[in-house]
Each structure stands twice: as C-alpha cells, then as structure tokens.
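A.B. asks: A structural model of the following input is requested.
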Amino acid sequence: MRWKVFIAVGLVGLLGACNNVNVRKELALRASPKFPEGAEYVGSETCTGCHSDLASKFAKSNVHGKLADWETSQFGVKPGCESCHGPGSKHAESGDPSLIVNPAKMVSGVSSTLCTQCHRDSEVAMWHGSKHDLEGVSCSKCHTMHGETKERNTLGYRKSYTKEAYLKESEPELCFSCHKDIMAQTRMPNHHPVKEGKMTCSECHNPHGSTVDKLVRANIDKNEVCLKCHQEKGGPYVFEHAPVNEDCMICHNPHGSVANNLLKQNEPFICLQCHSMHFHAGFTPSWDYIPDCSTGKTADGFCKTGSDSAGYTLYYNGTALTTNPTFFGPEVASKFVRSNPQSFSMAKAMNTKCTRCHSAIHGSDLPSLTVTGGGSRMTGGAKKIMK
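C.D. replies: Numbering: from 1, shown residues only. Below is the predicted model:
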C-alpha cells in the first residue's frame, strides 16, 4: 500500500511542476486592464488637444494610428488611442492620469495581454509563459507604441529592425542592455557578425517565445537555426559524427569564442573532451626526420641500420628497425621515429590539429579508414598526411 502513496505523491508533484507554467499562462490570458468606471470612448481627436506631440508622430509614422474601424473591431477594440488606453472621457475631463489606462505602468502580464488582443500572429504565439514573460518583461520594455524610435546607435549596429518593430533601441543594443554577458562574447576574436551589422539577435532567437530552450527560433531541434545558413554541415552523411546531430553547441559557442570557428576550445582540446582515450591512439606517427645514421646511408639516401648516430633505435609504426629499410621507397628516405614512439605521439598531438587528418569532422560519405591502435578516421578523402 505504501508504494501507492509514494506514486500518488510523486504524480502530484510532477503535475504541479508541469502545471505551474500553464497556470501562469491562464492567469495572463484572463488578465485585462481595469477601465475607469463610467468612462466612455471619445475618439483620438480629443486626445490630440493635450498630446499633440505624440499624436503627430502617431498619425504619420505608426501603424497603430492608421488602423480603420473595421480592422480593430475584429479584435473588439476601438481604433486610435483608445484601442490601448481604453475609454478616455474621464481622463479628458479631469486630466487625472489615474483615470486612463497606461500600458507602460501596468504589471507586465496585464500590459502584454492588452497587446496580444491584436497581435496574434505566429511571432508572438508563444509569448504567454515564455522566458521573458515569466521574468516580468513587458512589451513596453522593448517597444514604443507611438513610433518614437530613437536614432542613437552607439555600438555601430544596423538599424533596419528598429523602426519596423518600433523598438526603443537598435536590436542588438536593446538585447545587450540586459544580456551583457552575450555582448561580451560577441566582442571575442571569432564571432557571428552581429557587431558588424550583418545579422541581428532575432535571426536566431525569437524574443517572444519558442518551443526550444534559449528562445532559439526553431521548432524542435536547435540545430535548425544553424542549418539555415550552414546547410552543408547538416548532411545527411553515410558516416555521421554524433555531436553534430545532437547539438551544434556541444562544440561551438554561437555568440563568440577565442578559438577558431567559434569552437569552445582550440584543437586538440575540444576533441579530447570526448575522445580522451584516443590521445593519440589514432596517430602513432610513422616517421620523423633523423639527420644522419650511424653506419651511413645507401646511395638512395636510406639508413643502412636501425640506429642513428646518437644511438637511438629507429621505429616505423611502433616496430623497431634492425635491417636496411629499403622497402619504404625513396619518398620516405631517412624519415623514421626515434625510440619511445608513444611519447613522441603525445608531444606531436599537442602541436597539431585533429582536423589535419579528420577533415570531414561534421560527417563523410567515404568509408571509415582503419588506423593504428584501432578506431576510424572521418576523412574528407584519400589524403597524404606526411609533409
């Protein structure tokens, strides 16, 4: 019987956690501004008597001031100022600011619900319960409703999105006012071209909500947003690299990095986070240059014995050489590894890049190649490794 109680308690806790966001959504959807009792709609002309400065900009450059009656009636609101501020007769008579609805001074959930009466497209469909919504960020935090877009652009970013969306600042500057850690990443040596003005935050993120973590503009898989520009990395490939399919951000920091190619670390360290047992099992070097040999060289330039002038034993693929190595051919003359090749391999690996051999790191259609020590290479093709 006790196990049934434990299961019941667990289910209640699980349902409570799952429903928490749903409750917040429902409360936000039900929230509505409270209009002054007895107030009536008087039309935007009455508002312009005192607010001529706002009315002028509102009528000329703002879509809110250009909506016809039939356009707003489908949402159950009046056109003009009172579509957002509510009936204004009491405020117009007394001048009392408490007798008019001011979305900028409302609780975020209420003011955002006011906006979503009309703004119901897919861009804002996920707003209620989104990260910004739950953090208390209201629409008026980022947007100006009267078209008062500011022209300052202190960070040098493009402004193409500012007026279109009635943002208070240019888009990256506005986002960075809160996300300063991300701004710092975009200043690193390797970064997406945000500060150069070639892209904006909303090309990858939907600030109004998403089904994916970090407000990434994707449906299910975060990689969708990366593959919009980097299609060639997505395959499909016959031989795939698992992290590529799982999440690009396992290896990359999309906002910026000190390492090349937006990698979280430089090679080989980024690879060795997962391939720690391959340091460097897949690369026992086959040769190194030895300047001379103890018994001289053949006419073709080969060492006559398996030791050099310093007395080191020469190796090829881990095997000590004791005979004339003429079978290697003239291209690799006198190029062998000194004693302790595994130690040499470790040192060699620290001063090279994995992608020197594993060039098709995102995937390949070529067969896997067996290598010394086991494993396989994801190569871009038959490639001469020795320089």
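A.B. asks: how is this structure carved up into domains?
C.D. replies: 44-141, 159-264, 277-292+318-360 (the TED database).
A.B. asks: Tabulate these (CSV), appending distance to K34 and mean pLDDT.
C.D. replies: C-beta coordinates here come from the backbone N, C-alpha and C atoms, glycine included. Shown next, in CSV, are these (distance: least, Cβ to Cβ, whole Å; pLDDT from 0 to 100):
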stretch, distance to K34, mean pLDDT
domain 44-141, 8, 82
domain 159-264, 25, 88
domain 277-292+318-360, 62, 52
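A.B. asks: what residues are up against D247?
C.D. replies: Taking Cβ atoms under 8 Å, 6 or more residues apart in numbering as the criterion, D247 is in contact with K222, N223.
A.B. asks: same check, this time on the one 3 residues further on
C.D. replies: When the contact criterion is Cβ under 8 Å, 6+ apart, the partners of I250 are P243.
A.B. asks: quick one on the thing from earlier: could I get the domains of the chain as CSV with distance to C271?
C.D. replies: Converted to CSV, the domains of the chain look like this (distance: least, Cβ to Cβ, whole Å):
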stretch, distance to C271
domain 44-141, 33
domain 159-264, 9
domain 277-292+318-360, 5
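A.B. asks: For K131, grab the count of nearby residues.
C.D. replies: Residues near K131, counting by other Cβ atoms under 10 Å, number 14.
A.B. asks: distance of it from C81?
C.D. replies: Using Cβ to Cβ, to the nearest Å, one gets 31 Å for the distance from K131 to C81.
A.B. asks: For H146, see how far away H91 is.
C.D. replies: From H91 to H146 the distance is 17 Å (Cβ to Cβ).
A.B. asks: These two: which is more packed in?
C.D. replies: More crowded of H91 and H146, by other Cβ under 10 Å: H91, with 23 against 19.
A.B. asks: hmm, back to that, which one of the domains of the chain lies closest to G38?
C.D. replies: domain 44-141 (6.8 Å; Cβ to Cβ).
A.B. asks: For stretch 101-114, which residues meet the burial criterion?
C.D. replies: V101, P103, M106, S108, G109, V110, S111, S112, T113, L114 (16 or more other Cβ atoms under 10 Å).
A.B. asks: show me where the stretch 151-300 of the chain has helices.
C.D. replies: Taking DSSP state H, counting those that start in this stretch, the helices of the stretch 151-300 of the chain run over residues 160-164, 171-176, 180-186, 223-227, 242-246, 269-272.
A.B. asks: Quick one: closest of the ones you listed to N253.
C.D. replies: Nearest to N253, of the helices of the stretch 151-300 of the chain and by Cβ to Cβ, is helix 180-186 at 6.7 Å.
A.B. asks: Quick check: which helices or strands does that closest one pack against?
C.D. replies: Applying 3 or more Cβ pairs under 8 Å, 6 or more residues apart in numbering; DSSP states H and E, we find helix 180-186 packed against helix 171-176.
A.B. asks: Enumerate every residue touching K141.
C.D. replies: S108.
A.B. asks: Next one: it from V225, what distance?
C.D. replies: 24 Å.
A.B. asks: C118 too?
C.D. replies: Taking Cβ to Cβ as the measure, C118 falls 28 Å from V225.
A.B. asks: These two: which has the busier surroundings?
C.D. replies: A direct count of neighbours by other Cβ under 10 Å for C118 and V225 places V225 higher, at 20 against 17.
A.B. asks: what number of residues lie near C175?
C.D. replies: 21.
A.B. asks: so it makes contact with I182?
C.D. replies: Yes - under the criterion of Cβ atoms under 8 Å, C175 makes contact with I182 at 7.4 Å.
A.B. asks: host element of H358?
C.D. replies: Using DSSP states H and E, H358 falls within no helix or strand.
A.B. asks: quick one: the strands in the stretch 201-350 of the chain?
C.D. replies: 239-240, 315-316, 319-320 (DSSP state E, counting those that start in this stretch).
A.B. asks: which residues does the nearest residue to T46 once chain neighbours are set aside contact?
C.D. replies: Closest residue to T46 apart from its sequence neighbours, by Cβ to Cβ, 6 or more residues apart in numbering: A92 at 5.2 Å. Counting by Cβ under 8 Å, 6+ apart, A92 makes contact with V42, T46, C47, G49.
A.B. asks: hang on, A92 in a helix?
C.D. replies: Yes - per DSSP: H, G, I helix; E, B strand; the rest coil, A92 lies within a helix segment.
A.B. asks: From P254, how far out is it?
C.D. replies: A92 sits 51 Å away from P254, taking Cβ to Cβ as the criterion.
A.B. asks: wait, doesn't S108 sit right on G136?
C.D. replies: Yes - contact criterion Cβ under 8 Å: S108 and G136 qualify, at 4.7 Å.
A.B. asks: Tell me how far N223 lies from C81.
C.D. replies: From N223 to C81 the distance is 45 Å (Cβ to Cβ).
A.B. asks: neighbour-wise, which of these two wins?
C.D. replies: Comparing N223 with C81 by other Cβ under 10 Å, the one with more neighbours is C81, at 26 against 19.
A.B. asks: how much space between that one and E45?
C.D. replies: For C81, the distance to E45 (Cβ to Cβ) stands at 10 Å.
A.B. asks: same check, this time on D96
C.D. replies: Per Cβ to Cβ, D96 is found 20 Å from E45.
A.B. asks: With T186 instead?
C.D. replies: Separation of T186 from E45 (Cβ to Cβ): 47 Å.
A.B. asks: Looking at these two, which is more packed in?
C.D. replies: Neighbour count, other Cβ under 10 Å: between T186 and E45, T186 has more, with 20 against 10.
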